[in-house]
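1. Need the 3D shape of this:
(one chain, ligands or ions: 1)
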Amino acid sequence: MGGVLLVAAVGLALYTLISLRMETMEAGRKTAEVVNLALSEQIELTLEAVDLALKGAKDNLARQGLASYRQDPERLEDMLRDHRIGVPSISALYVTDDRGDMQAYSGFAQARQINISDRDYFLAQAMRRDTGLYISTAHIGRISQRWQIALSRRMESSNGKFLGVVVASIDINYFESFFNAVLPLKGSTAILLRRDGHLLVRAPRVEAAFDRDFRSSELFTQIDQQEYQGTYEATSSIDHRQRLVSFRAGQRFPIISTVSLDKHELLSPWRLNAWRIGLAAAVSIGLIGGLLSVINRQLLQMERQAAALAASEERFHHLVEHGADILLVLDETGKIIEANQQACIGLGYTREALLATNMDQIEISVSSAAPEPLAPEGRPPAISTTEAHYRRAGGEEFPVEVRTSTVHLRGRPLLLIQARDISERKALQELLERAAKYDNLTGLPTRPVFIDRAEQALVVAGRMHRMVGILFIDLDRFKAVNDQLGHAAGDTVLKEAAVRLTDCLRQMDTVCRFGGDEFVVLLPEVESEEDVRIVAEKILIAFEKPFELGVAAMSVTASIGIALFPNHGRDVEELLCHADAAMYQAKQAGRDELRTYHEPPDDVPGGGAV
Ligand SMILES: Nc1nc2c(ncn2[C@@H]2O[C@H](COP(=O)(O)OP(=O)(O)OP(=O)(O)O)[C@@H](O)[C@H]2O)c(=O)[nH]1
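-> Okay, here's the model as predicted:
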């Protein structure tokens, strides 16, 4: 694409340059031809005028006879002057006898001493009767000492005897002045040749070229081919410059005229235009090149961005597809429109089946706040985290932690759900909660459970005007079991103690292990202190039986302190404290005893027991 544009720009510039050059050369050719036409016409008119003057003088001499003028040369000169008048091109008109001696010279008497028998124009007329008008080669006049050409006609007697010549000289300056006036361009030349190839006039003048023979030049090759007129390009043999030459053969005289335009000068405006066009083309090509380079860079950048995007999409797809979480995309109606591999595995569906399923078939409960409705476009996605239960294709339920956010895809609001199976986390959580609530060794509830249940029991009892009994139980000399039979035997005693305590209680009662060998019993809804004491006594009896500890059996009794709501305290902590104090009294009484807390008299610090 870029290459084509560049080639087109270069091609257009070259085509324009070539066309302009051809047009310039054609215009030059026409100019040279028109100028040459005017030039040759003027030359022939000049030669005709000169020939008329020659003929007039010759006729006069034929009528009067040259001999009649011999007596009076001045009259002859006057006659010649008369014929010269009105022909400005003639610089001199003169007559010779048959030996070439000057008989009369228009306007210059001293010229009578001169002999011209050696001149070509004299010899041509003397030698041949049929010469007619003869145009001489260029020569320097013996009187004028200037370059000139001579036109001559023969005089003869009635029987054909040569009597002399009548001659008209034309100063070459005369031709040069009007040649120079019509030359259209600097460096142009105009030439007048004789038909036999001798140079007569050249503007601008090059004297060395006068009388040179041009028969072997390109001009004569062209004349031989085109005969009368034409145009060609050649290098000048005189100044070696390239020229466009228009030539024209005379119609009434044996002459050839040429007008030659200097190609360098002719093409000068074209060269200027060529520079401008070349510069414009270079700028255009530069701009196109620059533009293409910018486009190319942008294309490369886009390619790189597309590759980076594709790589990022691939990574994202991999993460989504092979992530550990279930990913679902829902439309406004809750229909699943996209799902990852983990969603299919975790929910037990094929992808096709999942994409034909609505979310309410999957989600069976939401344990915390439901996600907001789809957020409108332009607002940041509202992300909410909830816990819920999902149902697998086989009907099995499992807990999940769900992160929900809204996304907009081409203006359409969609719900993105990321769900994580938290079955294991839940199981562990339950385990920990249970560990906190239940004693690991005996399986009895722990202190927090006791506090919780006792508070509830106090509330109910307060409302019903009933009593609640609390027994604080501590095994007697339990340390001795550990010391004598080992820690495992101690554990066995503790477990067996838990069983015996439980067996002494109602369904609604609670026995807890507070730690070590301490147990606390909650007796809600009791009618009287007596009911509580009965339970306590029942416990003491239950501990009378020795504990079977493998190789040995060992008797471990218990000491019990009793506190009653509302008599011995209004809250759980106070009641526990008082039950503990009563149990301490039982220990003090020798162990294997029970004591009920009683308010100490005002002057006695601490609590007492009965
Ligand atoms: N085997 C076993 N021993 C425990 C456990 N927790 C506490 N103990 C022991 O139980 C004993 C409790 O002793 P104390 O209540 O201080 O004293 P005691 O020997 O019972 O004497 P009195 O309470 O004064 O009758 C300590 O030696 C503890 O190391 C347990 O889980 N298993």
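2. so who does Lys335 touch?
-> Contact partners of Lys335, counting by Cβ atoms under 8 Å, 6 or more residues apart in numbering, are 357-359. All C-beta spots, glycine's among them, are computed from the backbone N, C-alpha and C.
3. Dig out what it forms beta bridges with.
-> Beta bridges link Lys335 to Asn358 when assigned by DSSP bridges.
4. about what we covered before: among the contacts of Lys335, the buried ones, what's the PyMOL command?
-> A single PyMOL command selects the buried members of these (16 or more other Cβ atoms under 10 Å):
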select buried, resi 357+359
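5. quick one: which of the contacts of Lys335 is nearest the ligand?
-> Nearest to the ligand, judged by Cβ to the nearest ligand atom, of the contacts of Lys335 is Met359 at 50.9 Å.
6. In contact with Val206: list those residues for me.
-> 238-239.
7. quick one: contacts of stretch 189-205?
-> For stretch 189-205, contacts defined as Cβ under 8 Å, 6+ apart pick out 35-36, 39, 43, 135, 137-138, 147, 149, 172, 175-176, 179-180, 182-183, 209-215, 217, 219-220, 236, 238, 243, 249-250, 254-260.
8. scratch that, stretch 344-364 is what I was asking about
-> For stretch 344-364, contacts defined as Cβ under 8 Å, 6+ apart pick out 326, 328, 330, 333-339, 343, 388-394, 396-397, 417, 419, 421.
9. chain center to it, what's the gap?
-> Centroid displacement of stretch 344-364 relative to its chain, using Cα atoms, centre = their mean, to the nearest Å, is 45 Å.
10. Pull out the buried positions in that stretch.
-> Neighbour-count burial for stretch 344-364, with 16+ other Cβ under 10 Å as criterion, is recorded at 344, 346-347, 349, 354, 357, 359, 362-363.
11. Can you report how many residues neighbour the one residue in the stretch 401-550 of the chain that gets nearest to the ligand?
-> Per Cβ to the nearest ligand atom, Gly490 is where the stretch 401-550 of the chain lies closest to the ligand, at 2.3 Å. Neighbour count of Gly490, defined by other Cβ atoms under 10 Å: 23.
12. hang on, it packs against Gln484?
-> No. Contact criterion Cβ atoms under 8 Å: Gly490 and Gln484 do not qualify, at 9.6 Å.
13. Export the contacts of Lys335 to CSV and append columns for pLDDT and distance to Asn273.
-> Formatted as CSV, the contacts of Lys335 follow (pLDDT from 0 to 100; distance: Cβ to Cβ, whole Å):
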residue, pLDDT, distance to Asn273
Thr357, 92, 79
Asn358, 92, 80
Met359, 92, 79
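14. can you tell me which of the contacts of Lys335 lies nearest to Arg425?
-> Met359 (22.7 Å; Cβ to Cβ).
15. any idea how far the closest one lies from Lys335?
-> From Met359 across to Lys335, the span is 8 Å (Cβ to Cβ, to the nearest Å).
16. TSV for the buried residues of stretch 344-364, including secondary structure and distance to the ligand?
-> Shown next, in TSV, are those (DSSP: H, G, I helix; E, B strand; the rest coil; distance: Cβ to the nearest ligand atom, whole Å):
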residue	secondary structure	distance to the ligand
Cys344	helix	50
Gly346	helix	43
Leu347	helix	46
Tyr349	coil	51
Leu354	helix	53
Thr357	coil	53
Met359	helix	51
Ile362	coil	47
Glu363	strand	46
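17. picking that back up, going by neighbour count, which of the contacts of stretch 344-364 are buried?
-> Among these, those buried by neighbour count (16+ other Cβ under 10 Å) are 326, 328, 330, 336, 338-339, 343, 388, 390-391, 417, 419, 421.
18. Which parts of the stretch 251-400 of the chain are strands?
-> 255-262, 326-330, 336-339, 363-366, 384-391, 397-409 (DSSP state E, counting those that start in this stretch).
19. tell me what the third one is packed against?
-> Meaning strand 336-339. strand 326-330, helix 351-354 (3 or more Cβ pairs under 8 Å, 6 or more residues apart in numbering; DSSP states H and E).
20. Neighbouring strands - and their directions - for that strand?
-> Partners of strand 336-339 in its sheet, by DSSP bridges: strand 326-330 (antiparallel).
21. could you give the mean pLDDT of the strand it pairs with?
-> Across strand 326-330, the average pLDDT comes to 91.
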